[in-house]
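Novice: quick one: sequence plus predicted model below, questions after.
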Amino acid sequence: MAEKKFDQQFFINLFIPVIIGVIIWLFPWRPAEVPVEGWHMLAIFVATIVAIILKPLPMGAVALIGLAVTIVIGPLNTETALDAFAGTSVWLIVLAFFLSKGIIKTGLGHRIAYVLIEKFGKKTIGLAYALTGVNIVVGPAIPSSTARTGGVMLPIVQGLADTFESNPQDGTRKKIGAFLITSLFHVDTIVATMFLTAGATKPLAQELAAGFGIEITWMNWFLGALVPGLLSLILIPLILFKIYPPEIKETPGAPSWAKEKRKETGPMTFDEKNMTWIFILAIILWVSGQFIDLSAVTVALIAVSLLLLLKILAWDDITQEKGAWNTLIWFAILVMMAGQLNELGFIPWFSDAIASAVSGWGWVAIFITLCLAFFYTHYFFASLTAHVTAMYPAFLGVALASGAPPLYAALMLAYITNICGATTHYASGPAAVLFGEGYVTQNEWWKISFIMGIVYLFIWLVIGSGWLSLIGFM
């Protein structure tokens, strides 16, 4: 057995987050409104995020160590900390991995990919727009962004990437897979923002706005998001093609090749047919779940159970899906930490501090500040729902008190609460699912998302405000 050598970079990357955490933990000034437990939770959370950035260990290992610290010396007991693994959003992500596995294993993903390539495959960017079109169609009907991305869109992207022999394992991720995964993530973020029924945070914002006497309906939400949303969807593939280009750009022979490949695959197999009706059933149940009291995670559980019963997936397929189990660990722990920052008083104090800091300004300046603060504070969150719950009411109250038009303020803040999901690889359920596939590195994800975030803020705050004014919402 080879003797292990001293790894200086490992210790540096481990030392930095530990020191940052200790400094915050022992910092002599602490807001009176934040209890000691909340301040200690902040220290552990920040240290964990810094360690995830510096990567002394894999992200799952860092998160697990952070969980241990939270229990051993931090503010939580074991039971409270481990409640993180019971969250429905966490298990929805895991189950989405398994559903995607079934679609790829049966070959259905490749069959769909061949059809797409045949229709739009002359250029890689054409494939990105084809995926955008599919996402727009299913977006308003599936009330879970994670289910839509992981269960419907991801298998198609995986099929396309496999078809062009692009995967993370052999160094070919940048052929086409990384570009398509990144496009899918940003397109889904905007689609989820455009429709009131495209995710859980929209009805939550609607309910919170109603507490201020502001009525948000499906139609006024959609109308307000229409122009900035469509503009964003048009620009996303174009911008990503420039700043994160695929190696394969032109595929003039792809349509005829795809047609031949589709012929080679022959008629649908028994497993493919079963996978198809299970897939359709899952979509129908996701669409109707809100009317028959069936949650998105229950639907995913039903679909995966059917895959096992029909032997489309073997139990070994479940246990060997490393991406799912890795994501379960780090995403659950980060969601727990972010939620505890709210429960233990740090986030409420932070929201109130921003509100106090901007009092006395004109409403336009206040509102822009609130939107920017809301967007960039999402780096502290691993859940859009937690972010909306913690900060939307406080920020909306400040905006209204400053004189901002009620419907405009409620809608624009709600839109910002969704586009801020396009920040980190832990910012939302879809982010966790897509990052877990391994096509895009953490550094690439953060860099691209930062650039796209600036684009979104300009489109939605500037052009979007002009549009809302034009249709009488201001």
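Specialist: Sure thing, it's come through. Numbers count the residues shown, from 1 in each chain.
Novice: could I get the phi/psi values of the closest residue to M153 other than its chain neighbours?
Specialist: The shortest distance from M153 to any residue other than its chain neighbours is 5.6 Å, reached at L184 (CB to CB, 6 or more residues apart in numbering). C-beta here means a position set from N, CA and C on the backbone, and glycine is covered the same way. Note on L184: its backbone torsions stand at phi -60, psi -40 [degrees, to the nearest 10].
Novice: do the same with K123
Specialist: Per-residue torsions, K123: phi -140, psi 150 (degrees, to the nearest 10).
Novice: list the buried residues in stretch 149-169.
Specialist: Judged by neighbour count using 16 or more other CB atoms under 10 Å, the buried positions of stretch 149-169 are 149-161, 163-164, 166-168.
Novice: then stretch 464-471?
Specialist: G464, S465, W467, L468.
Novice: look up how far P155 lies from F10.
Specialist: 37 Å (CB to CB, to the nearest Å).
Novice: residues contacting I71?
Specialist: Neighbouring residues of I71 by CB atoms under 8 Å, 6 or more residues apart in numbering: N77, T78, A81.
Novice: correct me, but the residue nearest to M153 touches T149?
Specialist: Yes - if you go by CB atoms under 8 Å, L184 and T149 touch, sitting 6.9 Å apart.
Novice: between those two, what contacts are shared?
Specialist: With CB under 8 Å, 6+ apart, L184 and T149 have common neighbours L434.
Novice: hang on, the earlier thing: so of the buried residues of stretch 149-169, which ones are in strands?
Specialist: When strands are assigned by DSSP state E, not one member of those lies inside them.
Novice: what about the residue lying closest to W361 once chain neighbours are set aside, how many residues nearby?
Specialist: Of all residues not flanking W361 in the chain, S402 sits nearest, at 7.1 Å (CB to CB, 6+ apart). For S402, the neighbour count with other CB atoms under 10 Å is 20.
Novice: show me what contacts S402?
Specialist: Residues near S402 by CB under 8 Å, 6+ apart: V358, W361, G362, W363, I366, F367.
Novice: now it: how far from W446?
Specialist: 32 Å.
Novice: next one: T389
Specialist: For T389 relative to W446 (CB to CB), the value is 25 Å.
Novice: repeat that for M391.
Specialist: Taken as CB to CB, the span from M391 to W446 is 22 Å.
Novice: the more surrounded of those two?
Specialist: When M391 and W446 are compared for neighbours, M391 comes out ahead with 25 against 16, by other CB under 10 Å.
Novice: isn't that one up against T377?
Specialist: Yes - counting by CB under 8 Å, M391 touches T377, with 7.0 Å between them.
Novice: rewinding a little: any idea how far the residue nearest to M153 is from L310?
Specialist: Distance from L184 to L310, by CB to CB: 28 Å.
Novice: give me the number of neighbouring residues for K202.
Specialist: 26.
Novice: am I right that it is in contact with Y415?
Specialist: No - contact criterion CB under 8 Å: K202 and Y415 do not qualify, at 9.6 Å.
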